[in-house]
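**Student:** Sequence plus the predicted model coming up.
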Amino acid sequence: MMVRTLNHLRPSDHPQRNPANPHGAEMDDIPVIDFSPFLQNDVNRDSKFHVCEALLRSLQQHGVAKLANHGVSYGSVEEMFNLSKEFFDLPAEFKQVCAHPSTANPHRGFCHVGLEKTYGATGFERGLKDPLKVHDVKESFDVGSKSDSLYHNRWPEESALPGFRARTEDFFDECHQSLCHIMDALALGLGLEPRSLAALHSAQDHELRLLHYPAIDPRLLDGSRLRIAEHTDFGTLTLLFQDSVGGLEVEAQHSMRTKAEVKSVAPFRAIDAHAPIMIVNIGDSLERWTNSALRAVVHRVTKPQPINDTDTVETLLLPPRYSIAFFGKPDRTQSLKPLSNFVTAARPAIWPEISAHAYNQSKLVRQF
Ligand SMILES: O=C(O)CCC(=O)C(=O)O
Ligand SMILES: [Fe+2]
């Protein structure tokens with residue numbers, strides 16, 4: 001069979017594609033926010049506050065925000081994508097050196113296709129007990145902080161990929177710094193103490209994840225398989241970079257309803273943004289702290305929107321897709337019970353007391 005790939009398809013080439021396509025999610029109209037005024041010293045307070053408001057508005061309305069000039073240097077993002085490709089291109093035996101265990105802990109190292117089952121956590125935050133088994137077609141590499149004393153990182157041999165470890169550790173640090181700035185902006189937008197949210201992330205209990213979705217016949221992504229099944233992230237904010245292949249979709253937020261109150265699935269929208277633009281999305285822990293004033297966004301990765309069943313002929317192959325996710329996580333010892341600023345007599349605490357670590361584990365173990 002002659003194989004033609006669809007590399008030429010970039011989300012930005014199709015700004016208002018198939019609005020009437022019954023198979024596909026509509027593209028989003030979420031604006032890109034220039035975050036640089038918030039990072040600069042010589043900028044007046046109004047300009048900084050304008051960024052905070054725009055960030056908060058986007059997160060409230062869509063569960064996601066798109067940031068340019070976010071503090072992770074564009075050169076670092078490009079370099080990390082290149083290193084990620086080199087890592088996943090390594091022969092299997094080199095990746096086995098740093099294999100993720102077949103069980104959940106430590107959640108570190110290389111996961112081959114099929115090892116992690118995101119569907120185990122699908123609907124978790126809505127109390128869904130028995131999700132459909134939608135299989136992921138992805139490989140991943142998970143890294144924690146280099147100073148984490150509980151879970152240790154797993155690396156390939158230095159000689160297999162010289163510099164990979166050092167650059168990945170630096171990238172982790174850059175993402176942590178950027179996350180703290182975004183948390184500061186969010187704290188200001190929400191009327192909290194300026195550094196209060198960043199302070200809850202000082203242990204750097206985050207995870208950096210490189211993802212590779214192999215080239216695939218798009219007809220195989222038929223709903224029984226997706227590139228990644230629908231889920232919400234466990235932490236506070238995820239900083240995500242997707243390449244130009246696209247395919248990330250987010251569920252429309254239900255205004256003023258908590259996840260627990262939502263019974264049905266809302267429509268998905270394709271996210272039209274790629275690296276170096278950062279896609280920030282809300283995870284469960286931030287939903288809990290804000291007593292659902294901000295809601296964790298359900299998302300998945302499937303075929304990009306120009307590709308639907310009727311377009312597809314046997315000779316088309318969806319190109320590989322790479323993405324990088326930095327899961328911002330609260331310090332493990334922190335409680336996830338709603339912060340007092342979000343609890344009133346009219347809106348009592350929706351979420352119970354649980355430590356960030358216990359919550360993370362309760363969801364993680366369902367995926368292995
Ligand atoms: O690859 C992506 O764009 C999303 C990955 C993701 O949602 C995850 O790993 O939690
Ligand atoms: Fe995710």
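**Tutor:** Noted; the coordinates are in hand. Just so you know, these numbers come straight off a predicted model, no measurement behind them. Ligands and ions are numbered 1, 2, ... in the order given.
**Student:** roughly how far apart are the nearest residue to Glu251 once chain neighbours are set aside and Asp233?
**Tutor:** Of all residues not flanking Glu251 in the chain, Val298 sits nearest, at 3.9 Å (C-beta to C-beta, 6 or more residues apart in numbering). C-beta: built from backbone N, CA, C; applies to glycine. Relative to Asp233, Val298 is positioned 10 Å away (C-beta to C-beta, to the nearest Å).
**Student:** Off-centre distance for the longest helix anywhere in the chain?
**Tutor:** Assignment by DSSP state H gives helix 164-190 as the longest helix of the chain. Taking C-alpha atoms, centre = their mean, to the nearest Å, one finds the center of helix 164-190 at 14 Å from the center of the full chain.
**Student:** can you pull the buried residues of that helix?
**Tutor:** Judged by neighbour count using 16 or more other C-beta atoms under 10 Å, the buried positions of helix 164-190 are 164-165, 167-169, 171-172, 174-176, 178-180, 182-190.
**Student:** of all of the protein, which residue lies closest to ligand 1?
**Tutor:** Going by C-beta to the nearest ligand atom, ligand 1 is nearest to Ser323 of the chain, at 3.4 Å.
**Student:** can you list the weak-confidence ranges in the stretch 151-300 of the chain?
**Tutor:** The model of the stretch 151-300 of the chain has pLDDT under 70 over residues 255-264.
**Student:** how about the residues of it near ligand 1?
**Tutor:** Within the stretch 151-300 of the chain, the positions lying close to ligand 1 (C-beta under 6 Å from any ligand atom) are Arg209, Leu211, Ile228, Asp233, Leu240, Gln242, Leu248, His299.
**Student:** If we use 8 Å, what do you get?
**Tutor:** Counting by C-beta under 8 Å from any ligand atom, the stretch 151-300 of the chain comes close to ligand 1 at 209, 211, 213, 227-228, 231, 233, 238, 240, 242, 247-248, 279, 281, 299-300.
**Student:** from those, which is closest to Thr333?
**Tutor:** The shortest approach to Thr333 among these belongs to Asp233, at 20.0 Å (C-beta to C-beta).
**Student:** what sits against that closest one?
**Tutor:** Residues in contact with Asp233 (C-beta atoms under 8 Å, 6 or more residues apart in numbering) are Asn281, Gly283, Asp284, Ala296, Ala325, Phe327.
**Student:** re earlier: what are the buried residues along whichever helix or strand comes after the longest helix of the chain?
**Tutor:** The helix or strand immediately downstream of helix 164-190 is helix 196-199, counting by DSSP states H and E. For helix 196-199, a neighbour-count test (16+ other C-beta under 10 Å) marks Leu197, Ala198 as buried.
**Student:** Quick check: buried residues in stretch 76-90?
**Tutor:** Counting neighbours by 16+ other C-beta under 10 Å, one finds that the buried residues in stretch 76-90 are Ser76, Val77, Met80, Phe81, Leu83, Ser84, Phe87, Phe88, Leu90.
**Student:** For the spatially closest residue to Thr333 that is not a sequence neighbour, which residues are in contact?
**Tutor:** Among residues not flanking Thr333 along the chain, Ser355 sits closest, at 6.5 Å (C-beta to C-beta, 6+ apart). Each residue near Ser355 by C-beta under 8 Å, 6+ apart is listed here: Arg332, Thr333, Gln334, Ser335, Leu336.
**Student:** Verify the stated contact: the last one with Arg288.
**Tutor:** Read that as Leu336. Yes: applying C-beta atoms under 8 Å as the test, Leu336 and Arg288 come out as touching, 4.3 Å apart.
**Student:** For those two, indicate the residue with more neighbours.
**Tutor:** Remark: of Leu336 and Arg288, Arg288 carries more neighbours, 27 against 23, as counted by other C-beta atoms under 10 Å.
**Student:** check contacts around the more buried one.
**Tutor:** So Arg288 contacts Leu336, Lys337, Pro338, Trp351, Tyr359 (C-beta under 8 Å, 6+ apart).
**Student:** so how far is Asp173 from it?
**Tutor:** Arg288 is 27 Å from Asp173, where distance means C-beta to C-beta.
**Student:** What segments of the protein are helices?
**Tutor:** With DSSP H as the criterion, the chain has helices at 36-39, 45-62, 74-89, 92-96, 164-190, 196-199, 284-289, 356-364.
**Student:** Go through these and name the closest to Val134.
**Tutor:** Closest among those, using C-beta to C-beta: helix 356-364, at 16.4 Å.
**Student:** Show residues contacting that closest one.
**Tutor:** Against helix 356-364 from outside (C-beta under 8 Å, 6+ apart): 104-105, 107, 121, 124, 205, 234-235, 284-285, 288, 329-336, 354.
**Student:** Can you list the buried residues in it?
**Tutor:** Using 16+ other C-beta under 10 Å as the test for burial, helix 356-364 gives Ala356, His357, Tyr359, Asn360, Gln361, Lys363, Leu364.
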